[in-house]
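Participant: Give me the fold of what follows.
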Amino acid sequence: MLAAMDPISVQPVAGALAPAGAASPTAKGGGFSDLLSRAIDGVDASQKRAETLTREFQLENPEVGLEETMVAVQKANIAFQALVQARNKIVAAYQEIMNMPV
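Facilitator: Next up is the predicted model:
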């Protein structure tokens, strides 16, 4: 059952943490909006997977275990909390920029 679990995905963050000499996300055709969009899609996918596993566990599907379901729910919860914190930082930065004198 543990082999069927997905590893924790950090790909949306990997581009933001690239070394200074590495190619920027804009050089690859993406940018901040692309990175943010992929992060939101990743959180959405993890929440949908957790919801599906929860439903299947409640329907007593023998192929879905409690451990797998709980891990998926916690991954989705942590990913959502991280996304909310990123949103809060973005809003705070926007407000700070808007309050700057011109």
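Participant: elements contacting the helix or strand containing L83?
Facilitator: Taking DSSP states H and E as the definition, L83 sits inside helix 66-98. Packing partners of helix 66-98 (3 or more C-beta pairs under 8 Å, 6 or more residues apart in numbering; DSSP states H and E): helix 32-58. For every residue, glycine as well, the C-beta is placed using N, CA and C.
Participant: Only the buried residues of the helix it packs on, if you could.
Facilitator: Within helix 32-58, the residues that count as buried by 16 or more other C-beta atoms under 10 Å are 35-36, 39, 42-43, 46-47, 49-50, 53-54, 57.
Participant: now N61, what's its secondary structure?
Facilitator: coil (DSSP: H, G, I helix; E, B strand; the rest coil).
Participant: begin at 10 from here
Facilitator: Got it, the first residue is 10 from now on, which makes the last one we talked about N70.
Participant: Just the pLDDT for it.
Facilitator: According to the prediction, N70 has pLDDT 92.
Participant: burial of it, as a residue count?
Facilitator: Around N70 there are 11 other residues, counting by other C-beta atoms under 10 Å.
Participant: in the helix holding L92, what's buried?
Facilitator: 77-78, 80-82, 84-85, 88, 92.
Participant: now the angle from it to helix 41-67?
Facilitator: Angle of helix 75-107 versus helix 41-67, following axes from the mean of the first three to the mean of the last three C-alpha atoms, to 10 degrees, is 150 degrees.
Participant: Spit out the contact partners of Q90.
Facilitator: For Q90, the contact set (C-beta atoms under 8 Å, 6 or more residues apart in numbering) is empty.
Participant: Compute the distance between it and Q56, please.
Facilitator: Plainly put, Q90 is 12 Å away from Q56 if you go by C-beta to C-beta, to the nearest Å.
Participant: Now for F89: which residues touch it?
Facilitator: For F89, counting by C-beta under 8 Å, 6+ apart, the contacting residues are 52, 56.
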